[in-house]
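J.: the following comprises the amino acid sequence and a computationally predicted model.
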Amino acid sequence: EDQVTQSPEALRLQEGESSSLNCSYTVSGLRGLFWYRQDPGKGPEFLFTLYSAGEEKEKERLKATLTKKESFLHITAPKPEDSATYLCAVRGGGSEKLVFGKGTKLTVNP
Amino acid sequence: DAGVIQSPRHEVTEMGQEVTLRCKPISGHDYLFWYRQTMMRGLELLIYFNNNVPIDDSGMPEDRFSAKMPNASFSTLKIQPSEPRDSAVYFCASSFGGALNTQYFGPGTRLTVL
């Protein structure tokens, strides 16, 4: 059974203090690892898809990386508007379903 | 593009009542997904459709839940009878199938069963 574990559950940073969020996964035949951002009262918003170990993608202050067992979402010099819950999900072989982790709630204080 | 549309945004009902949640996917998308999100269990897939046909309903919790997709632009998730433990946020997502398949989520329906 596909599983995703995210850590930490919550993270508080000062504005400008860089850090990383972790997503560990077990999946049969990875066909994509997805990062989403979710703001309170809203649906998850797509950020990145990674398909193979060694792949990296960047968007503004965010960079996602992938190994065979985990993915990291690096946040460089965060701003208060980066505060949100970040969700990681995997798609395994033979299905279109995504299995989500429980997320990391990030708070960036000014 | 208007994105995925869900209605109602909030629903409060009493135990035993029937609840119907509605979803309009992004035009041109051929996959539609229903998820439920709770604090305890996170985001869980309930069922998904491809070209209006249910493909995997293994996440549907029990017979009280049913979902339909009568055409490419509309889907419903029905709970009958509703119970307090069904209280959650229900999300609909859609995608265009293929190697670069990405699911786009609607704003969700917050369901409270008293």
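T.: Cool, got the structure. Numbers count the residues shown, from 1 in each chain, chains lettered A, B, ... in the order given.

J.: how about low-confidence regions in chain B?
T.: B:1, B:98-100 (pLDDT under 70).

J.: ugh, typo on my part, it should be chain A
T.: Filtered on pLDDT under 70, chain A yields no residues whatsoever.

J.: pick out the residue of it closest to chain B.
T.: Chain B sits closest to residue A:43 of chain A, with a gap of 3.5 Å, by C-beta to the nearest C-beta. Glycine gets a C-beta too; all of them are placed from N, C-alpha and C.

J.: so that residue is in contact with residue B:107, correct?
T.: Yes: with contact defined as C-beta atoms under 8 Å, residue A:43 and residue B:107 form a contacting pair (5.2 Å).

J.: show me what contacts the residue of chain A closest to chain B?
T.: B:4, B:91, B:93, B:105-108 (C-beta atoms under 8 Å, 6 or more residues apart in numbering or on different chains).

J.: chain B: strands as residue ranges?
T.: Counting by DSSP state E, chain B has strands at residues B:5-7, B:10-13, B:19-24, B:31-38, B:42-50, B:53-56, B:65-71, B:74-79, B:88-95, B:104-105, B:109-113.

J.: mind checking these for the one nearest to residue A:37?
T.: Among the strands of chain B, strand B:104-105 comes nearest to residue A:37, with 10.9 Å by C-beta to C-beta.

J.: what are the pairing partners of that closest one, and which direction each?
T.: Partner strands for strand B:104-105, per DSSP bridges, with pairing direction: strand B:88-95 (antiparallel).

J.: so the strand it pairs with versus strand B:74-79, what angle?
T.: Interaxial angle of strand B:88-95 relative to strand B:74-79 (axes from the mean of the first three to the mean of the last three C-alpha atoms, to 10 degrees): 150 degrees.
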